[in-house]
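K.L.:
what's the 3D shape of this:
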Amino acid sequence: SAGSLGIIIPPSIPMIMYGVSSQTSVGDMFLGGILPGILIGIGMIIWVCIYSKKKGFGTQTEKFTFKRFFVQLNHAKWALLTPIIILGGIYSGMFTPTEAAVISVVYAILISLFVYKEISVKDLPRIVSRASLTSASVLIIISAATAFGKVLTLEQIPNQVAGALTTISDSSFVIILLIMIMLLVVGMFMDTTAAVVILTPILFPVAVELGIHPVHFGVMMIANLAIGFITPPLGVNLFVGSGISGVGIPTLSRAVTPFLISMIITLIFIVVFPFLSLVLL
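P.N.:
Here you go, the predicted structure:
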């Protein structure tokens, strides 16, 4: 479930696509996603704490001390450098987000081999094989979703839906509520990037006409579509989690329900309180 945060907290490819499609500053979009992403994460943490306490998970008898904290921090410093290298390289212009993915993989392999020594060279073929299978299954799903999005575009379904929304009510609240519901449904069937590219040119003018800030609408849109990562039938994160853990999709779908509810509640806060998306601009 937490994997959904990847497109809300920068760097985010869907936010870049939204910025390009709506002529909105990508830098502002990145800033706008920070607090909503943290808020969604806090919602998940709260449920994890409740569930863990209820089931007795993670109970420790050893007391917290700053000495232990700094020892563990020092042990984890090489792993913690990963996001710093990725974000630092992207924001400094040294490499693109796609190149950052390659660099992070190479860095992780080197640290795992020579610093933590958790794997050996002979483990690499097995790791690459498993990663390839996971990636292939996800790409098959995404390709099907992209094709589905193309069909919708050719049939002008998004245009018809947007036109219908503006004729249903004069209330901006009702229209935004309908747009959010529509995006929730779209996220269940369509790849996020494809949905952003297809729907932004259609829904963005409606949002501007209603007086919604472009960054606020973009964050609402991305946060809404992020829920689609854990909702069947597309649910890319569910398929990845199933492939890695061996747990069936139906079981995983039931298990993520509390996180799904948490994300929807947080989405309501993001929609109702624009300052969460705009305060850092």
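
K.L.:
ok, residues contacting stretch 195-203?
P.N.:
If you take C-beta atoms under 8 Å, 6 or more residues apart in numbering as the criterion, stretch 195-203 is touched by 14, 17-18, 21-22, 149, 152-153, 158-159, 161-162, 179, 183, 186-187, 190, 217, 221-222, 225, 228. Where C-beta positions appear, they are placed from N, C-alpha and C, glycine not excepted.

K.L.:
mind listing the strands for the stretch 151-281 of the chain?
P.N.:
Remark: no strands are assigned in the stretch 151-281 of the chain by DSSP state E, counting those that start in this stretch.

K.L.:
where does it have low pLDDT?
P.N.:
Counting by pLDDT under 70, the stretch 151-281 of the chain has low-confidence residues at 158, 162.

K.L.:
residues in contact with S262?
P.N.:
Taking C-beta under 8 Å, 6+ apart, we find S262 in contact with I40, G43, M44, I46, W47.

K.L.:
quick one: stretch 90-108 to chain centroid distance?
P.N.:
In this view, stretch 90-108 has its centroid 18 Å away from the chain centroid, taken as C-alpha atoms, centre = their mean, to the nearest Å.

K.L.:
Mean confidence (pLDDT) on that stretch, please.
P.N.:
Within the predicted structure, the mean pLDDT of stretch 90-108 is 83.

K.L.:
Now that stretch - C-alpha only, CSV.
P.N.:
Below are the C-alpha coordinates for stretch 90-108, written out as CSV (Å, rounded to 0.1, in the frame of the first residue of the first chain):
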residue,chain,number,x,y,z
ILE,A,90,17.7,14.7,-10.3
TYR,A,91,17.4,18.2,-8.8
SER,A,92,21.0,19.1,-9.7
GLY,A,93,20.4,18.1,-13.3
MET,A,94,23.1,15.3,-13.2
PHE,A,95,20.7,12.7,-14.5
THR,A,96,17.0,12.1,-15.3
PRO,A,97,14.5,10.2,-13.2
THR,A,98,14.9,7.2,-15.5
GLU,A,99,18.7,7.3,-15.3
ALA,A,100,18.3,7.7,-11.5
ALA,A,101,16.6,4.3,-11.4
VAL,A,102,19.6,2.6,-13.0
ILE,A,103,22.1,4.5,-10.8
SER,A,104,20.1,3.4,-7.7
VAL,A,105,20.2,-0.2,-8.7
VAL,A,106,23.9,-0.2,-9.4
TYR,A,107,24.5,1.6,-6.0
ALA,A,108,22.3,-0.9,-4.2
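
K.L.:
buried sites along it?
P.N.:
Judged by neighbour count using 16 or more other C-beta atoms under 10 Å, the buried positions of stretch 90-108 are I90, A100, Y107.

K.L.:
Thank you, goodbye.
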